[in-house]
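Visitor: mind looking at a prediction? Sequence and model below.
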There are 2 protein chains.
Amino acid sequence: MDPDFRAHAHEIVDWIADYLEEIERFPVASQVHPGDILNRLPGAPPDHGEPFDAILKDFESIIVPGMTHWQHPSFFAYFPANSSPPSLYAEMLTAALGAQCMSWVTSPSAAELEERMMQWLRDMWGLPREWDGVIQDTASTATLCSILTAREVRSKNAINRRGFSSKDRFTVYCSAEAHSSIEKAVRIAGIGRENLRKIGVDDNFAMRPELLEEAIRRDADAGYTPLCVVDALGTTGSTAVDPLERIGAIARRHGLWLHVDAAFAGTALVLPEYRHLLNGIDCADTMVINPHKWMFTNFDCSAYFVKDPDALVGTFEILPEYLKTHERSEVNNYRDWGIQLGRRFRALKLWFVIRTYGVEGIRAKVREHIRIASELAENIRNEKDFDILAPVWCNVICFRYHPAGVSEGEQLNALNMSLMERLNASGKLYISHTKLDGKVALRLVLGQSNVEERHASAAWQMIVRTARE
Amino acid sequence: MDPDFRAHAHEIVDWIADYLEEIERFPVASQVHPGDILNRLPGAPPDHGEPFDAILKDFESIIVPGMTHWQHPSFFAYFPANSSPPSLYAEMLTAALGAQCMSWVTSPSAAELEERMMQWLRDMWGLPREWDGVIQDTASTATLCSILTAREVRSKNAINRRGFSSKDRFTVYCSAEAHSSIEKAVRIAGIGRENLRKIGVDDNFAMRPELLEEAIRRDADAGYTPLCVVDALGTTGSTAVDPLERIGAIARRHGLWLHVDAAFAGTALVLPEYRHLLNGIDCADTMVINPHKWMFTNFDCSAYFVKDPDALVGTFEILPEYLKTHERSEVNNYRDWGIQLGRRFRALKLWFVIRTYGVEGIRAKVREHIRIASELAENIRNEKDFDILAPVWCNVICFRYHPAGVSEGEQLNALNMSLMERLNASGKLYISHTKLDGKVALRLVLGQSNVEERHASAAWQMIVRTARE
């Protein structure tokens, strides 16, 4: 062991503590230009080792200025990738243990803690008690696992065995507002994006179930095998909620696999007042919710729930000699629950986070975010020259500046894009955008771990001032 | 910010430093039984928050006894998942920054440092200067990306677009000793495991190129489209090296995509004396080497190299409105270089590791591991009742106990399995096994960051003593 390790690691902790204390003094979005960082990094690696101090100094002077600060409370863009003190402690310990958690025997605690944490999350969020779960890296991976499992269940594992045949003409369904990872998964799984039906949405940007059923019928009549529907519990654009109960009934009636993508908004299920969103969940086969988005747990940590773990394992299991162990039937070997063989010890940060805050503590933080968003939405609604473009039911606000005299269309869209760019260039806040029904919408997500009312107020004042300038 | 963060994080550092100093006092492989850990974890999450001290105490008393200690220098099993002080510093900083590095704009430093680190690695390992690269989580993912890219290049992106048609009858080739991730990828990609040809190996467990070419010809004659061959530069079982130059020539002659899986042994390419292993690399399209295995960098960190980044991006790119940014043409948006949208800041640990040791420092450590392995192999060879079962060219030794009077077959295999179990149950060392030509081989990998000659000697003495008891 390097004798300086202890001193250096303490130095790193002090750097981190200083950084987190002063984080509001950094510009939220990095202000560098393409190539600025690359040009400061030597083209060749050093032949000989360099001292710790030199590396840490370069980290501060080269890397940090090129970071967009996701842990800044005025980070309102995309979806957050949250952190918290207990999550950081666990990440430090995880790195130190350095365990590769592919199977039970390679780290029994990791396997069994993961099993328990997925039960805790399942129960905290009110999901069916008979479901199992596994931690994936991202919702992209979880959704891909779901579609692959659907493919194998429907083909009775024939595609894994012999590949696609001319009879395997599958179609997959999601709303026109659903996440791009679904199209990516459909492509990877060999189904083809032309066989992904993007179903029209209603005025709230939620899937129209009658159009879903029409599409399924049309495809079945045309000789396709309707395979899977993905229900969004909170779309990425506007957190629109597809009507799960009706979609679930359609999936059941037509024998489709049902995956629920609640990657961001699913964390709100910790609140009893949102449990009604789960009506119809019994028809679902799989579901994904990312604690790394809104539940104060470092990226990556994506909770993937399955009704039938045997179907999942049947899709992915391979057992070469060098991985054979005794304990298979009694324990979960999570390498068989997904794509990657190697796995980090991700359950530890969930354990630290949930125990540090308790369920009530998490509820309080989530409720506060929703309250702040609801108040800010009210303020936006009260201004004549601003529009709210989608329902605000949790903590995401889609809005735009719409001054008198600027008519709908490209001009208004360009105005809002340039407003966003000016705001982000200020370094005081960071927002992103989407398009809803052809209209550019600015997105403000009130979900960063440390966001408070004052950050929302300051952002809003700045938005109004910048817009009207 | 939690006012106790600084103090608690320092406490964690002290725990980590103590742990790493005393790691040789822990049993290498955990001695718990299935369910031991699970039963000590409450079935329900706490309603209210718990104090830091209680959680850290439970971590020590519940989690640590259930860990297999991958950073113990007598961890000789599987392939290592290494760590090092600079890698730990970087993991701490990465967790604190908490950036989600899907695109340039969400963290410019992460994107540009990744670009530079992949250039450094490419040059350190002597790969073609015109190649590009991207960090993936694991070699499983990298190999899947390669096979998917091969599929799309060959089908001119038709499978991404319209799914498989009856004309798309692909075959993929690897040696019978190649890694299970290839079969997993072939299944996921919709090709089917029956269309994966496992080519026979020679006495050194390396692919026989004449059998490869025969299989390609036979498949082409039968109406298949031979798509891709995976060349193992170091198999998982015995680090066998497939003859790249001959396989590359065959791939080129028949128009096959060539992926090189050097996940573990590729780190040895940092040594000039091993560069000859790259003869033929110009015929390759993609290659994977995992710094998280043997290059002192925490899991996960898998370096995936590509000759044609446009082919990779063409396979995975999707651009929904909420991800559109200005800088696309000037910078790399790594979300389009693989499966996951969300990405950790993995380049930072490579930067810390390479700068701390320098290329010469890494060479010295890798050479020392190979030297220790070579001496140990010599000792094993000198004992009449032990066999070496595969060539030892780097730091992996496949051997077995073979006392006089025990004949080849099940009895000898069972004897070695039980020897392995007794050794691992001692907690003094941890080895794993494989099967080579039907024979159970015990695998000893001399690659843990901190392994020294004394660990190898102690292990060997214990193996001899235990075997002869």
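Guide: In hand now; what should we look at?
Visitor: chain B contacts on the stretch 351-469 of chain A?
Guide: With CB under 8 Å from any CB of the partner chain as the criterion, the stretch 351-469 of chain A meets chain B at residues A:351-352, A:354-361, A:432-435, A:443, A:450. No exception for glycine: its C-beta is placed from N, CA and C like everyone else's.
Visitor: quick one, which of those are buried?
Guide: For these, burial is judged from neighbour counts taken by 16 or more other CB atoms under 10 Å in any protein chain shown, and it is met by A:351-352, A:354-359, A:361, A:432-435, A:443, A:450.
Visitor: what backbone torsions are found at A:Phe386?
Guide: Note on A:Phe386: its backbone torsions stand at phi -130, psi 140 [degrees, to the nearest 10].
Visitor: name the helices or strands packed onto the longest helix seen in chain A?
Guide: Among the segments of chain A that qualify as a helix by DSSP state H, the longest is helix A:347-381. Taking 3 or more CB pairs under 8 Å, 6 or more residues apart in numbering or on different chains; DSSP states H and E as contact, the helices and strands that helix A:347-381 lies on are helix A:85-97, helix A:108-124, helix A:291-294, strand A:386-388, strand A:396-401, helix A:453-468, helix B:52-58.
Visitor: tell me which of those lies nearest to B:Ile135.
Guide: Within the helices and strands packed on helix A:347-381, the stretch nearest B:Ile135 is helix A:85-97; the backing value is 16.4 Å (CB to CB).
Visitor: check which helices and strands the helix or strand encompassing A:Val134 sits against.
Guide: When secondary structure is defined by DSSP states H and E, A:Val134 falls within strand A:132-136. Under the contact definition 3+ CB pairs under 8 Å, 6+ apart, strand A:132-136 sits against helix A:108-124, strand A:302-306.
Visitor: single out the most deeply packed of these.
Guide: strand A:302-306 (a mean of 27; mean count of other CB atoms under 10 Å in any protein chain shown).
Visitor: distance from the chain centre to that strand, please.
Guide: Remark: strand A:302-306 is offset 12 Å from the chain centroid, using CA atoms, centre = their mean, to the nearest Å.
Visitor: check stretch A:42-53 too.
Guide: Taking the mean C-alpha point of stretch A:42-53 and that of its whole chain, the gap between them comes to 36 Å (CA atoms, centre = their mean).
Visitor: ends of it, what's the gap?
Guide: With CA to CA, to the nearest Å as the measure, the first residue of stretch A:42-53 is 18 Å from its last.
Visitor: in that stretch, which residues are buried?
Guide: Along stretch A:42-53, the positions that meet the burial threshold by neighbour count (16+ other CB under 10 Å) are A:45-46, A:49-50, A:52.
Visitor: still on that earlier bit, the longest helix of chain A to helix A:85-97, inter-axis angle?
Guide: Here helix A:347-381 runs at 150 degrees with respect to helix A:85-97, directions being taken by axes from the mean of the first three to the mean of the last three CA atoms, to 10 degrees.
Visitor: and helix A:347-381, which residues are buried?
Guide: Judged by neighbour count (16+ other CB under 10 Å), helix A:347-381 contains these buried residues: A:347-359, A:361-363, A:365-366, A:369-370, A:372-373, A:376-377, A:380.
Visitor: what about A:Leu442, which helix or strand?
Guide: Per DSSP H and E, A:Leu442 falls inside strand A:439-445.
Visitor: sheet partners, orientation included, of that strand?
Guide: strand A:396-401 (antiparallel), strand A:432-436 (antiparallel) (DSSP bridges).
Visitor: the longest one vs helix A:453-468, what angle?
Guide: The one in question is strand A:396-401. With the same axes, to 10 degrees as the basis, strand A:396-401 and helix A:453-468 are set at 20 degrees to each other.
Visitor: contacts for strand A:396-401?
Guide: By CB atoms under 8 Å, 6 or more residues apart in numbering or on different chains, the residues outside strand A:396-401 that reach it are A:234, A:237-239, A:264, A:373, A:376-377, A:380, A:385-390, A:392, A:412, A:415-416, A:419, A:434, A:436, A:439-447, A:463, A:467.
Visitor: what's the PyMOL syntax to select whichever of those residues are buried?
Guide: Only the buried members of the contacts of strand A:396-401 end up in this PyMOL selection, burial being decided by 16+ other CB under 10 Å:
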select buried, chain A and resi 234+237+238+239+264+373+376+377+380+386+387+389+390+392+412+415+416+419+434+436+439+440+441+442+443+444+445+446+447+463+467
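Visitor: follow-up on the earlier one: mean confidence for the strand holding A:Leu442?
Guide: Confidence over strand A:439-445 (mean pLDDT, whole number) is 97.
Visitor: and the contacts of that strand?
Guide: Outside of strand A:439-445, the residues that reach it under the criterion CB under 8 Å, 6+ apart are A:76-80, A:237-238, A:373, A:376, A:389-390, A:395-401, A:408, A:412-413, A:416-417, A:419-420, A:431-435, A:459, A:463, B:322.
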